[in-house]
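Student: Generate a structure from the sequence data that follows.
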Amino acid sequence: MSAVIEAAVVEATLSARAGRYDTARRLLDTLGGEDSDDVEVLDLLARVHAQRGDLARADACWARVEHLDPDHAGAREGRRRIRATWAGKRPRAGVAAGAAAVCLLLVGGGAAVGWALAPRQAAEQGSDPAVAEALTRLRQEVSELASAQRDGPTSADGTTPDDGTALRELRGALGDPRWTTRLDARSVVVTFREPVFLAGGAETSGSGADMLAGLAGRLGGLAVDVDVTVVGHTSDTAPVPGSPYADNAEVGLARALAAAQVLSSDSGIPLSAVGVASAGDVDPPYPNTDEAGRTRNQTVTVVIEVAQ
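Tutor: Residues are numbered from 1 along each chain as shown. As a prediction, the model looks like this:
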């Protein structure tokens, strides 16, 4: 893989891990998208499609991976899980179908488990100056794209439509002292002030259950349709020996799944409209510099977009 392609894959992985799936897909499209002959590009694109619930396109990408690399375990496992989902089977007992089943595709295959490991591995290999330069350029392009989205297009009469109005109204409707909200280029990001989960797993704390129910109530009362993505987080403390989770990426995924099901059931938003991803212990909402920060990172962040 060339340095430029490697850098673009790293950037797409970072975007996908943060819930910016459209940005990830656009980056991968510049590398050939579904017509690419690069296995890593196709595998990541398959996972992005799976995360968005487009299993047909995910399966097509993984089929192309298998054609290029018949021994690719990630593609084989991804396609197996898609077939199980289409057949009405559940990949794991007690996990709801729909978005929950889809998100398991993201941690079941490929060289990395979840989104968390791919960027870290790339960073460890990032001593190549060409990779660093390409990453800088790509980040600048993504920043310019985000800026253009915020500014909006200029109409023929020279006026600029305020495309951010809907997001600002959405942010206002979601305001609550139990969490903070911030505007991204195309979304409102909700960060809870207190830990949502107990240490080591996906069992909600008392305040965490209340916060999820409170946010679900706000989502259910919105006047617009929204797409919701839940990103699971952990502290930098690894699971204890004997834990059912192999690593923090799995803990984050379990938390995202648990939160997604609460948000869906309590808001009326179909689970198929709730995306799920795991950041594990990468890019936590709060610094892991003391016990208070580590405890607050037992959480999820929720990314909410106005449905197109």
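
Student: Strands along the stretch 201-308 of the chain, start to end?
Tutor: 226-233, 274-280, 300-306 (DSSP state E, counting those that start in this stretch).

Student: wait, which of those strands is closest to Pro177?
Tutor: strand 300-306 (16.1 Å; CB to CB). C-beta: built from backbone N, CA, C; applies to glycine.

Student: And the contacts of that closest one?
Tutor: The contact list for strand 300-306 (CB atoms under 8 Å, 6 or more residues apart in numbering) reads 19, 166-167, 170, 174, 184, 186-192, 196, 215, 219, 224-233, 255-256, 259, 263, 285.

Student: Run through the stretch 201-308 of the chain and note the low-pLDDT ranges.
Tutor: 308 (pLDDT under 70).

Student: could you pull out the helices for it?
Tutor: Listed in chain order, the helices of the stretch 201-308 of the chain (DSSP state H, counting those that start in this stretch) span 206-220, 248-267, 291-296.

Student: can you put the ones you listed in TSV and add distance to Ala46 and mean neighbour count?
Tutor: Shown next, in TSV, are the helices of the stretch 201-308 of the chain (distance: least, CB to CB, whole Å; neighbours: other CB atoms under 10 Å):
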stretch	distance to Ala46	mean neighbour count
helix 206-220	29	18
helix 248-267	17	24
helix 291-296	34	16
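
Student: Of all the strands of the stretch 201-308 of the chain, which one comes closest to Arg76?
Tutor: Nearest to Arg76, of the strands of the stretch 201-308 of the chain and by CB to CB, is strand 274-280 at 21.4 Å.

Student: Show me what that closest one pairs with in its sheet, parallel or antiparallel.
Tutor: Note on strand 274-280: by DSSP bridges, its sheet partners are strand 226-233 (parallel).

Student: Name all residues that make contact with the closest residue to Val228 other than its chain neighbours.
Tutor: Using CB to CB, 6 or more residues apart in numbering and skipping residues adjacent in sequence, the residue nearest Val228 is Val274, 4.8 Å away. By CB under 8 Å, 6+ apart, the contact list for Val274 reads 99, 228-230, 260, 263-264.

Student: ok, so of those residues, who is nearest Val251?
Tutor: Val230 (13.9 Å).

Student: Identify the bridge partners of that closest one.
Tutor: Going by DSSP bridges, Val230 forms beta bridges with Val276, Val302.

Student: That one contacts Ser278, correct?
Tutor: No - taking contacts as CB atoms under 8 Å, Val230 lies outside contact range of Ser278: 9.6 Å.

Student: care to break the chain down by domain?
Tutor: 3-124, 165-306 (automatic domain parsing).

Student: ends of the longest one, how far apart?
Tutor: Taking CA to CA, to the nearest Å, the span from the opening residue of domain 165-306 to its closing residue is 11 Å.

Student: Low-confidence ranges, the stretch 51-200 of the chain, go.
Tutor: In the stretch 51-200 of the chain (pLDDT under 70), the answer is 52-53, 84-163.

Student: so what's Ala273 up against?
Tutor: Taking CB under 8 Å, 6+ apart as the test, what Ala273 contacts is 99, 226-228, 264, 307.

Student: Select, out of the strands of the stretch 201-308 of the chain, the one closest to Asp38.
Tutor: Among the strands of the stretch 201-308 of the chain, strand 274-280 sits nearest to Asp38 (CB to CB), with 22.4 Å.
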